[in-house]
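what follows is a protein structure lacking sequence information:
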C-alpha cells in the first residue's frame with residue numbers, strides 16, 4: 001500500500017490511500033460496498049492552484065520506481081488527452097447547441113395535445129323495446145346502415161288508426177261537398193220559382209184589380225139598364241091598362257089590346273133582365289174583389305217562398321263552412337298519418353354517419369326511452385387539439401406545418417397544418433371558470449387550444465389506429 005499525491009481536475013489536492021492507483025472518484029454510486037471498505041478518500045480543503053513549472057518540479061521530485069515496478073505514464077500526456085477530449089466534446093456540444101438554438105427559435109412544441117374526432121351519439125327517439133342489435137363493438141358502419149331495430153307493433157297500430165281517421169275525414173268532406181252542390185242547386189231552383197211566383201202573383205193582383213174596376217163600372221151601367229127597363233115597363237103598363245079599358249068599352253079591337261099587353265110583358269122581362277144584370281155586375285164586382293184578395297195572398301206566399309229560397313242559399317254557405325271544416329280535418333288526419341309513419345320509421349335506428357361503433361350498451365330486450373344512449377359512431381376524420389401556452393402563439397398562424405408524434409404510433413411521424421385557434425382559453429370554457437376579480441391574484445400562463453388538421457397522405461394506412469384521445473406531441477414550424 002502506497003500513497004500518491006496529485007491534483008484533480010478542479011485543481012484541488014487530494015490524498016488517496018489505496019492498493020492500486022485510482023484516477024478519480026466522481027460519486028459514491030460508482031463505488032461498490034467491497035471497494036468502499038478498502039478505499040479511503042480524503043478531500044482536503046481548497047488550495048492555491050499550482051503553476052505549471054511547479055508541477056514539473058514535482059514530477060522531477062517524484063521518486064523513480066524501482067527496477068521491479070513498471071514506469072507510470074507521464075501526467076502531461078494524460079492531461080493533453082483529457083483536454084483534447086474536452087475540446088472535442090465542447091465542439092460537438094457547440095454544434096449541437098447551435099443547431100438546437102436554431103431549431104428552437106423557429107419551432108414551438110407541446111406535449112399537451114391529443115387526437116380528436118367527430119363522435120356521434122346514437123340514441124332512440126321513441127319509447128320501445130329492442131328486438132334486434134345488428135352491429136358489434138368496433139365494427140365499421142356506413143351512413144344510413146341499420147344498427148338497432150325496435151318492436152314496431154305498437155306504432156303499426158297507431159299508423160292504421162291514423163289511416164282510418166284520414167279516410168273518415170275524406171268521406172265527411174265528400175258528403176259536405178255533395179250537400180253544397182245539392183243545396184246550391186235547390187236554392188237556385190227555389191229562388192227562381194219563388195221569383196216567378198211573386199211575378200205571377202203581382203200580375204194576378206193587377207188583373208184582379210182591373211176586373212174590380214170593370215165590375216165596378218158595370219154595376220152603374222146595369223142599374224141604368226134597370227131604370228130604362230122600368231121606365232119602358234111603366235109606359236107599357238100604362239098603355240096596356242088604357243087599351244084594356246078602351247077594349248072593355250069596345251072602342252079598340254082586341255088585336256091592339258094584345259099588342260100592348262105583349263109589349264108590357266116584354267118590358268117587364270127586360271126589367272127583370274136588367275135587374276139580373278145589376279145583380280150579376282155586383283156579383284162580378286165581389287168576385288173581382290175576392291180575386292184581388294187571393295192575388296195578394298198569393299203574392300205574400302210567393303214572397304215567403306222567395307225568402308225561403310234565399311234561406312236555402314244561406315244553408316249552402318253553412319254547407320261550405322262544413323266542407324272547409326272537413327278539409328281541415330283531412331289535413332289534421334294527414335298530419336297524424338305522417339307522424340305515425342315517422343314514429344314507425346324511428347323503430348329502425350340507423351347510423352348517422354360513416355365510422356366505427358364504440359361504447360355500445362344496447363342489448364336485445366332492453367326498454368329504451370327517448371334520448372337513451374345506445375352507442376357512439378366515431379368518424380375517421382381525426383384532427384389534433386394542441387394546447388399551446390399563450391406565450392408560444394406570437395408568430396403562429398394558420399397554414400403552418402406541424403410535425404405530429406403520436407405516442408401510440410412511435411415509429412411514424414405525421415404531418416399536419418395549423419387550422420384554427422380557439423376563441424377562448426381552456427379556462428374560459430371550463431365548467432367552473434376562474435374569476436380574477438376577487439381575492440388574491442396569481443398570474444398563470446394560459447393555454448389556447450389550437451386545431452391541427454392531419455395531411456391525408458400522412459395518415460394513409462393508419463386510419464384505424466388514430467383514434468380520439470391518444471396523446472400527441474406537436475411541433476409547429478414557425479418559418
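Right, received. Where do you want to start? No experiment lies behind these values; they were computed from the predicted model shown. Numbers count the residues shown, from 1 in each chain.

helix or strand for residue 112, just tell me which one.
strand 107-116 (DSSP states H and E).

wait, I meant residue 377
Per DSSP H and E, residue 377 falls inside strand 373-378.

buried sites along that strand?
For strand 373-378, the neighbour count (16 or more other CB atoms under 10 Å) marks 374-378 as buried. Yep, even glycine has a C-beta here, placed from its N, CA and C like the rest.

one step back: just the angle between the following helix or strand past the strand holding residue 112 and strand 373-378, please?
Past strand 107-116, further along toward the C-terminus, the next helix or strand under DSSP H and E is strand 119-123. Counting by axes from the mean of the first three to the mean of the last three CA atoms, to 10 degrees, strand 119-123 lies at 150 degrees to strand 373-378.

parallel or antiparallel, list what pairs with strand 119-123.
Sheet pairing here is set by DSSP bridges, and for strand 119-123 it gives strand 373-378 (antiparallel).

the partner strand: how far from the chain's middle?
Relative to its chain's centre, strand 373-378 lies at 22 Å (CA atoms, centre = their mean, to the nearest Å).

so what's residue 479 closest to, chain neighbours aside?
Among residues not flanking residue 479 along the chain, residue 106 sits closest, at 5.0 Å (CB to CB, 6 or more residues apart in numbering).

same check, this time on residue 239
Computed as CB to CB, 6+ apart, the closest residue to residue 239 that is not its neighbour in sequence is residue 260, at 4.6 Å.

which other helices and strands does the one helix or strand the one you found maps to contact?
Take DSSP H and E as the rule and residue 260 turns out to sit in helix 254-345. For helix 254-345, the packing partners by 3 or more CB pairs under 8 Å, 6 or more residues apart in numbering; DSSP states H and E come out as helix 153-249.

where are the low-confidence patches of the chain?
In the predicted model, the chain carries pLDDT under 70 at residues 1-74, 102-104, 182-198, 215-216, 218-219, 305-306, 308-315, 437-439.

ok, now with 90
In the predicted model, the chain carries pLDDT under 90 at residues 1-107, 169-327, 380-381, 394-395, 425-445, 461, 463-464, 478-479.

so which residues of the stretch 351-479 of the chain form strands?
Along the stretch 351-479 of the chain, the stretches classed as strands by DSSP state E, counting those that start in this stretch are 355-358, 367-368, 373-378, 383-389, 401-406, 413-421, 447-454, 471-477.

list the contacts of residue 220.
With contact set as CB atoms under 8 Å, 6 or more residues apart in numbering, residue 220 has no partners.

tell me how far it lies from residue 213.
As judged by CB to CB, to the nearest Å, residue 220 and residue 213 stand 12 Å apart.

cool, residue 398 as well?
As judged by CB to CB, residue 398 and residue 213 stand 111 Å apart.

ditto for residue 231
Separation of residue 231 from residue 213 (CB to CB) stands at 28 Å.

how does this structure divide into domains?
1-60, 112-151+356-477, 153-338 (automatic domain parsing).

hmm, residue 467 and residue 115 touching each other?
Yes: in this structure residue 115 lies within contact range of residue 467 using CB atoms under 8 Å: 6.6 Å.

neighbour count: those two, which is higher?
Between residue 115 and residue 467, counting by other CB atoms under 10 Å, residue 115 is the more crowded of the two (20 against 17).

who does that one form a beta bridge with?
Those that pair with residue 115 in a beta bridge, by DSSP bridges, are residue 384.

so who does it touch?
Contact analysis of residue 115 by CB under 8 Å, 6+ apart lists 382-384, 406, 466-470, 472.

can you list the residues you listed in JSON lines and add distance to residue 392?
Supplementary listing: the contacts of residue 115 in JSON lines, determined by distance: CB to CB, whole Å:
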{"residue": "382", "distance to residue 392": "23"}
{"residue": "383", "distance to residue 392": "19"}
{"residue": "384", "distance to residue 392": "15"}
{"residue": "406", "distance to residue 392": "20"}
{"residue": "466", "distance to residue 392": "24"}
{"residue": "467", "distance to residue 392": "27"}
{"residue": "468", "distance to residue 392": "24"}
{"residue": "469", "distance to residue 392": "23"}
{"residue": "470", "distance to residue 392": "22"}
{"residue": "472", "distance to residue 392": "16"}
